[in-house]
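>>> Quick one, fold the following:
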Amino acid sequence: MQELEEEGLSFQSFDHIYESYDRFDDVYDAIASTLIEEAATKDIFYAVPGHPFVAEKTVQLLQERAEASEVEMNVLGGASFLDQMYTALGIDPIEGCQIVDGTALYANELQIRHHLIIVQVYDALIASEVKLSLMEKLPDDYLVAIVTAAGSANETIQYVQLFELDRYTELNNLTAIYVPPIKEDTLLYRDFSFLRSVIAKLRGPDGCPWDKKQTHESLKRYLLEETYEVLEAIDEKDDDHLTDELGDVLLQVLLHAQIGEDDGFFSIEDVIEALTTKMIRRHPHVFGDVTVADESEVLENWKEIKASEKTTSNKEQAS
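Residues are numbered from 1 along each chain as shown. Model prediction:
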């Protein structure tokens, strides 16, 4: 910035906006609004560190608002900090790489079999939230890297065990967390897609003779038996037993889905889609604009929607 000033260029920073709000979303909104307002009367140049489309929420907001405001917007590329991350860590993103925002991290969206880079981890509070999300997928002692100022003279890379992540004090706006991809199958036992691959292997060419010969009809009695065992675990109020028995019911679902896929009729994705669609359709008071007073109205709506579905289905079959 000093060099720009020495070249005779004047500029205005947005430090005062960062200091005026408690939430980053409000900061980004205020910056974007200011820029659109200024651009309506004159040409302006907005500079950001790195590449404009990498971890720059304000640029995304400007894209959305520029057209609506009839403001012409041109974006010039720049060197991304991600290039420096790849170099510092010695990784090739073509192997599979996911970049996510630490301020909006959801465990169910993480791809732990890929390189994972978590940006915006600028303080201990965010590091703590990131740690808890990762612990849903990874062992507490899994090694992760804290990378600060990648590619600069002040670059640091510190490997710590996951449970120690929020104890590291040198966190700032140049800090990102790198999570190496899972290589050991035993660490994937909590992963649904890995479980699905296990079931597929059991029914594959080199799988289990018993699993390979099963059909929807032959599995009927097992689904019934496992359901009764779930009821027994519930009556016993034994959570460990219940966990085990629910797994056995899930096994039956996955076996039926794998048979459907092997026969070319349906897959587990079709099962999930049908269930998701049904749950959203039958809960308009949660996913729509319907208002209910109590549980009885919920049940009444459920019955009406179900009856309507049945009528529609019968008409489609008749046609």
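>>> Please name the bridge partners of Tyr159.
Counting by DSSP bridges, Tyr159 is bridged to Ala145.
>>> quick one, what contacts it?
Applying CB atoms under 8 Å, 6 or more residues apart in numbering, we find Tyr159 in contact with Leu143, Val144, Ala145, Ile146. From N, CA and C alone the C-beta is placed, and that goes for glycine too.
>>> And Asp262, by the same measure?
By CB under 8 Å, 6+ apart, the neighbours of Asp262 are Arg203.
>>> I'd like the distance between it and Glu295.
41 Å (CB to CB, to the nearest Å).
>>> Next: Val54.
48 Å.
>>> more crowded one of the two?
Each of Val54 and Glu295 has its neighbours counted (other CB atoms under 10 Å); Val54 has more, 18 against 8.
>>> right, and the secondary structure at the more buried one would be what?
At Val54 the chain is in coil, as set by DSSP: H, G, I helix; E, B strand; the rest coil.
>>> Apart from its chain neighbours, what residue comes closest to it?
Leaving aside its sequence neighbours, Val54 sits nearest to Ser80 (CB to CB, 6 or more residues apart in numbering; 4.6 Å).
>>> ok so Leu116 is a strand residue?
Yes - counting by three-state DSSP, Leu116 is found in a strand.
>>> can you start the count at 18 instead of 1 from here on
Yes, from this point I'll number from 18; that puts the last item at Leu133.
>>> Alpha carbons of whichever helix or strand Gln275 is part of, as PDB, please.
If you go by DSSP states H and E, Gln275 is part of helix 256-279. This file holds the C-alpha atoms of helix 256-279, laid out as PDB (Å, rounded to 0.1, in the frame of the first residue of the first chain):
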ATOM      1  CA  ASP A 256     -29.000 -47.000  23.700                       C
ATOM      2  CA  ASP A 257     -26.000 -49.200  22.700                       C
ATOM      3  CA  HIS A 258     -28.300 -52.100  21.800                       C
ATOM      4  CA  LEU A 259     -30.600 -49.700  19.900                       C
ATOM      5  CA  THR A 260     -27.700 -48.300  17.900                       C
ATOM      6  CA  ASP A 261     -26.700 -51.800  16.900                       C
ATOM      7  CA  GLU A 262     -30.200 -52.900  15.900                       C
ATOM      8  CA  LEU A 263     -30.900 -49.800  13.900                       C
ATOM      9  CA  GLY A 264     -27.700 -50.600  12.000                       C
ATOM     10  CA  ASP A 265     -29.200 -54.000  11.200                       C
ATOM     11  CA  VAL A 266     -32.300 -52.300   9.900                       C
ATOM     12  CA  LEU A 267     -30.200 -50.000   7.800                       C
ATOM     13  CA  LEU A 268     -28.400 -53.000   6.500                       C
ATOM     14  CA  GLN A 269     -31.600 -54.400   5.200                       C
ATOM     15  CA  VAL A 270     -32.500 -51.100   3.500                       C
ATOM     16  CA  LEU A 271     -29.100 -51.000   1.800                       C
ATOM     17  CA  LEU A 272     -29.300 -54.600   0.700                       C
ATOM     18  CA  HIS A 273     -32.700 -54.000  -0.900                       C
ATOM     19  CA  ALA A 274     -31.300 -50.800  -2.600                       C
ATOM     20  CA  GLN A 275     -28.200 -52.700  -3.900                       C
ATOM     21  CA  ILE A 276     -30.400 -55.400  -5.300                       C
ATOM     22  CA  GLY A 277     -32.500 -52.700  -7.000                       C
ATOM     23  CA  GLU A 278     -29.400 -51.200  -8.500                       C
ATOM     24  CA  ASP A 279     -27.900 -54.500  -9.500                       C
END
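>>> buried ones in stretch 136-149?
In terms of neighbour count (16 or more other CB atoms under 10 Å), stretch 136-149 has its buried residues at Val136, Gln137, Val138, Tyr139, Ile143, Ala144, Glu146, Val147, Lys148.
>>> same thing with stretch 116-130?
Buried residues in stretch 116-130, counted by 16+ other CB under 10 Å: Ile116, Val117, Gly119, Thr120, Leu122, Leu127, Gln128, Ile129, Arg130.
>>> Let's have these in TSV, adding secondary structure, distance to Lys327 and pLDDT.
Formatted as TSV, these follow (DSSP: H, G, I helix; E, B strand; the rest coil; distance: CB to CB, whole Å; pLDDT from 0 to 100):
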residue	secondary structure	distance to Lys327	pLDDT
Ile116	strand	46	94
Val117	strand	42	93
Gly119	helix	47	91
Thr120	helix	45	87
Leu122	coil	41	89
Leu127	coil	39	92
Gln128	coil	40	91
Ile129	coil	42	92
Arg130	coil	42	92
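>>> Redo those as TSV? Include distance to Thr260.
Putting these into TSV (distance: CB to CB, whole Å) gives the following:
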residue	distance to Thr260
Ile116	34
Val117	29
Gly119	31
Thr120	33
Leu122	26
Leu127	23
Gln128	25
Ile129	22
Arg130	24
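>>> Cool, thanks, talk later.
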